[in-house]
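Enquirer: dropping the sequence and predicted coords here.
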Amino acid sequence: MANADELIRDTVRRIVPYSPGKSSAEVMAELGIEQVTKLASNENPIGPSPHVIEAMARSAAQAHIYPDPQCTALTSALAALLDVDPGTIVVGRGSDEVIHMLGLAFVEPADNLVFASPPFALYPHTARLMGAEERAIEHRDFRHDLDAMADAIDERTKLVFISNPYNPTGTIVSADEVAAFMERVPETCIVVFDEAYVEYVDADDYPDTLEYVRAGWRCAVLRTFSKAYALAGLRIGYGVAPVDITNALKQVREPFNVSSIAQDAAVAALRDVEHMRRCVDVNRQGREFLSTQFEQMGLQFVPTQANFVFVDVGMDSVECFDELMRRGVTVRTGEIFGLPSFIRVTIGTREQNETFITALREVLGGRTVSPGLG
Ligand SMILES: Cc1ncc(COP(=O)(O)O)c(C=O)c1O
């Protein structure tokens, strides 16, 4: 029997499948433990609002009906919230799907995509899917190096991604930095502000990128319900961009890409502002707790504006990961980001954070920590 390998598009061969790490169920089965503290995927530890759960139950009863392809109710709720025209919004199965739509609609094989290194996985994935060149620009001090990124742009650059806050480090680029960058970007490319963690940001100099959309710049702002709204399992996010861009995205979108349960849940989540704020508050407290603990332990970490912290554990991160897992805690290793002595830990509830710190203290106990932050 012939092997399908030879039929695969060349560009698809370059794609390394996303590795989510071990699921909590796998870890529990392997170690014979009853609970895992999963701090590996920047999920919201609080869970969805009770009103959202009610909305999902109501929606479930209508699951035999195809969803609204225009996501009308959600789009108008978002337009009112963000003060933008409904036509500038496109809803996707997570912001992941909107990233793919940008690739499908705009990227030719001769084009290139510019993003920071280490990147959020979907940026190189989109480049590879479309057969385009990846221009990964090394971070500087754990931040986007916007000057170097602007230098890397040429007439074949189609998309430039700015993850703000930056996954995996949690840093931001400021309003002034973005303004200076935008002046340097030619009209031949689209700047994508990936703001998956925007609700957690409390820095005063964070840019209002929707202003660029309102003013008709070649840009897109991506947001999600996966983080502060706690709906990662439903897969729903959106992009906001001038209508010539969103019209192109709607041409490549699947007709029924977002389920009705996800649409109804997102509308309900937007209504329960209090729940979202509570989640952000818990995150802020967790951020302070972890920062204090890392300082006491003599660990260098990157001050974060998101729901995760990038910390130098001064040892091989894969070894650290294994040791933490043995104690029922999962995190992300820095080695996948090219920074092998770092781990990225999601900020959890107070109890989860304490469990993590206790486990980390045990793992590092007796070790001399060698600070690696420059
Ligand atoms: C920077 C960044 N962008 C986008 C996403 C994707 O989010 P979604 O769940 O909306 O696809 C994530 C998820 O972790 C992320 O970290």
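Expert: Here it is on my side, so go on. It should be emphasised that the depicted structure is a prediction, and the values quoted were computed from it without experimental measurement.

Enquirer: how many neighbours does the residue in the chain that the ligand sits nearest to have?
Expert: Residue nearest to the ligand within the chain: Gly94 (2.6 Å; Cβ to the nearest ligand atom). C-beta here means a position set from N, CA and C on the backbone, and glycine is covered the same way. Neighbours of Gly94 under the rule other Cβ atoms under 10 Å: 23.

Enquirer: likewise Val178?
Expert: Other residues near Val178 come to 24 when the count uses other Cβ under 10 Å.

Enquirer: can you tell me the helix or strand for it?
Expert: Using DSSP states H and E, Val178 maps to helix 175-184.

Enquirer: enumerate the residues of the stretch 51-200 of the chain near the ligand.
Expert: Counting by Cβ under 6 Å from any ligand atom, the stretch 51-200 of the chain comes close to the ligand at Gly94, Ser95, Asp96, Phe120, Ser163, Asn167, Asp194, Ala196.

Enquirer: taking the residues you listed one by one, which sit in helices?
Expert: Gly94, Ser95, Asp96 (DSSP state H).

Enquirer: for the residue lying closest to Leu39 once chain neighbours are set aside, grab phi and psi.
Expert: Leaving aside its chain neighbours, Leu39 sits nearest to Thr346 (4.1 Å; criterion: Cβ to Cβ, 6 or more residues apart in numbering). Torsion angles at Thr346 (phi, psi; degrees, to the nearest 10) stand at phi -70, psi 140.

Enquirer: give me the pLDDT value at Thr346.
Expert: On pLDDT, Thr346 comes in at 98.

Enquirer: low-confidence regions, this structure specifically.
Expert: Residues of the chain meeting the criterion pLDDT under 70: 1, 366-374.

Enquirer: give me the residue at the spatial middle of it.
Expert: When Cα atoms, centre = their mean is applied to the chain, the residue found nearest the centroid is Ala196 (4.9 Å).

Enquirer: how about it, what does it touch?
Expert: Ser95, Ser163, Asn167, Leu222, Arg223, Thr224, Ser226, Lys227, Gly237 (Cβ atoms under 8 Å, 6 or more residues apart in numbering).

Enquirer: now swap in Glu133 and tell me
Expert: Shown in contact with Glu133 (Cβ under 8 Å, 6+ apart): Asp111, Asn112, Leu113, Ala127, Arg156.

Enquirer: which of the residues you listed are buried, as a ChimeraX select command?
Expert: Here is the ChimeraX selection string for the buried members of those, based on 16 or more other Cβ atoms under 10 Å:
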select :111,112,113,127
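
Enquirer: the protein: strands as residue ranges?
Expert: With DSSP state E, the ranges of strands along the chain come out as 37-38, 89-92, 112-117, 133-138, 157-163, 190-194, 219-224, 237-240, 301-302, 308-312, 329-330, 332-333, 342-346.

Enquirer: helices or strands next to the last one in the packing?
Expert: Strand 342-346 sits against strand 308-312, helix 317-326, strand 332-333, with contacts defined as 3 or more Cβ pairs under 8 Å, 6 or more residues apart in numbering; DSSP states H and E.

Enquirer: got it, and the first one?
Expert: The contact analysis (3+ Cβ pairs under 8 Å, 6+ apart) places strand 37-38 against strand 329-330, helix 350-364.

Enquirer: could you export the ones you listed as a markdown table, including distance to the ligand and mean neighbour count?
Expert: As requested, those are exported to a markdown table (distance: least, Cβ to the nearest ligand atom, whole Å; neighbours: other Cβ atoms under 10 Å):
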| stretch | distance to the ligand | mean neighbour count |
| --- | --- | --- |
| strand 329-330 | 15 | 24 |
| helix 350-364 | 18 | 17 |
